[in-house]
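J.: take this sequence and fold it.
(chains A and B)
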2 protein chains.
Amino acid sequence: MKRFMAVISYDGTNFFGFQSQPGVRTVQGVIETALERIFKSRTTVLVSGRTDTGVHAIGQAIVFDSPIDIDETSMKNALNANLPDDVYVKKVVEVDKNFHPRFEAKRRIYHYFIYNAPEPNLFLRNYTWWFPYKLDVEKMRQAARYLEGEHDFRSFVKVEANESTVRTIYRIRIMRLRNRIILIRVEGRSFARRMVRNIVGALVKVGTGQWEPEKLKEVLEAKNRSLAPATAPAHGLYFYSVEF
Amino acid sequence: MKRFMAVISYDGTNFFGFQSQPGVRTVQGVIETALERIFKSRTTVLVSGRTDTGVHAIGQAIVFDSPIDIDETSMKNALNANLPDDVYVKKVVEVDKNFHPRFEAKRRIYHYFIYNAPEPNLFLRNYTWWFPYKLDVEKMRQAARYLEGEHDFRSFVKVEANESTVRTIYRIRIMRLRNRIILIRVEGRSFARRMVRNIVGALVKVGTGQWEPEKLKEVLEAKNRSLAPATAPAHGLYFYSVEF
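T.: Down below sits the predicted model:
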């Protein structure tokens, strides 16, 4: 038996998120179906970071065990031949038998794309958040600085069970690409549910001028979700990469 | 009664082409349905250039008559409010009562996008032709020069009825954008069916080195469709703009 890690990309538009659920199309579901076709037996897929409905991935990491003797390149090709056209395996490498893509991840990077123009671009409707009003990127950068470091992000998290909401953000970078596209890059060790999208929602509120950058410090310290603005839409978010 | 011209954009992925056909979703069909909802009566839409299944538009021009008294901005907003999210009206202007978007078009511009990289990019799967082998853009440019001007394009056309296949191409430009994307821009007065996609198929054959640029002159002069390579896929093609 071999354990493999695969780096995968997917278009989240037509998936009900990553995690298997009965009766709906999920990324985990289509991968496990592809593996079942290849292995002739069921295999469970582990993942670095679950994504919600509509969220995309450029470099998600998954791990699974192979009951058959197969090399990395053949494994990659077999998967791509059995996957639908909205999931693609970029690379397969053999890993240690105990390797876990969630517990051993040291750094996860998310990208969030905003299409900031007065008129929508329909080719980007599922791939960016169309935001038609002017955004002050410099103010958004100032606000982002309050979120870097270790904090209790309760104000920016959809709290589940009794999970801690303390997280460490290594860095937030905000770039304007070719005038109309704003990229928000968030790097951290791990993220709680909806955390990146809630942070983006708050940064955009600063970008419009409705909030001063300092307001983010206040909201963060209040540890109260009801003080933060609405969650940014899922379709602008990409699980970009993970480092171990 | 007013006659309006609308400049529209659409994502061709989920349409069976522009032209209305019973039982399938077409661009003309959804626009006529939207207009019926607004006008409470049926209206026929005229178009500058019909597009096939999977072909997109950035600046297609359509024309229709309004039985109600409505200004340009309200007409644009009413249409966008009643159209699905893969069609967008960019602009509406009132035109002369006899204006016809097909007969009065002086210049049509098509864009064709090739994603030229060894691995596919799934986010571009419906918006570019993924071509994994190396392409020599300089040779493609040399070949394109033989096609500029007035010629009988029978070798590059899907002949329908007894239509003439003589056309004038004003210019073909080929650009490599950000290394992986090749844009082929074709400008002409009008185009016969599949003409742009057949030209792209032949230019790519030159780009790979299988054909020398001079071969295109020979194939053009032979006026025989069976000598030219396969048609390039529909999903790389965009009706970019039209001038009157």
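J.: return the set of buried residues in stretch A:208-217.
T.: A:W211, A:P213, A:K215, A:L216 (16 or more other CB atoms under 10 Å in any protein chain shown). No exception for glycine: its C-beta is placed from N, CA and C like everyone else's.
J.: in helices, which of those residues fall?
T.: A:K215, A:L216 (DSSP state H).
J.: now, among the buried residues of stretch A:208-217, which is nearest to B:T43?
T.: Using CB to CB, A:W211 is the member of the buried residues of stretch A:208-217 that sits closest to B:T43, with 46.6 Å.
J.: got the residue ranges for the strands in chain A?
T.: A:2-10, A:46-47, A:56-66, A:87-95, A:107-115, A:129-130, A:149-152, A:166-177, A:181-188, A:237-243 (DSSP state E).
J.: what's the fourth one packed up against?
T.: The one in question is strand A:87-95. When contacts are defined as 3 or more CB pairs under 8 Å, 6 or more residues apart in numbering or on different chains; DSSP states H and E, strand A:87-95 sits against strand A:2-10, helix A:27-39, helix A:72-82.
J.: among these, which is nearest chain B?
T.: Smallest distance to chain B across the helices and strands packed on strand A:87-95 (CB to the nearest CB): 5.8 Å, for strand A:2-10.
J.: what mean pLDDT does the closest one have?
T.: Average pLDDT, strand A:2-10: 98.
J.: find the nearest non-adjacent residue to the residue lying farthest from the centre of chain A, please.
T.: Note on chain A: the largest C-alpha distance from the chain mean falls to A:D69, namely 32.0 Å (CA atoms, centre = their mean). Leaving out its chain neighbours, the residue that sits closest to A:D69 by CB to CB, 6 or more residues apart in numbering or on different chains is A:K2, at 7.4 Å.
J.: can you tell me how far A:T128 is from chain B?
T.: 11 Å (CB to the nearest CB, to the nearest Å).
J.: whoops, I mixed them up, A:L216
T.: A:L216 is 31 Å from chain B, by CB to the nearest CB.
J.: check A:F15 too.
T.: Between A:F15 and chain B the computed distance is 12 Å (CB to the nearest CB).
J.: skipping its backbone neighbours, what lies nearest that residue in space?
T.: A:F15 sits nearest to A:V27 (CB to CB, 6+ apart), 5.3 Å away.
J.: neighbours around that neighbour, how many?
T.: For A:V27, the tally of surrounding residues (other CB atoms under 10 Å in any protein chain shown) stands at 28.
J.: for A:L227, same thing?
T.: With other CB under 10 Å as criterion, A:L227 counts 14.
J.: how about the contacts made by it?
T.: By CB atoms under 8 Å, 6 or more residues apart in numbering or on different chains, the contact list for A:L227 reads A:S155, A:V219.
J.: nearest to B:R185, of the helices and strands packed on strand A:87-95?
T.: B:R185 sits nearest to strand A:2-10 of all the helices and strands packed on strand A:87-95, at 29.0 Å, using CB to CB.
J.: and stretch A:154-168, how far out from the chain middle?
T.: 16 Å (CA atoms, centre = their mean, to the nearest Å).
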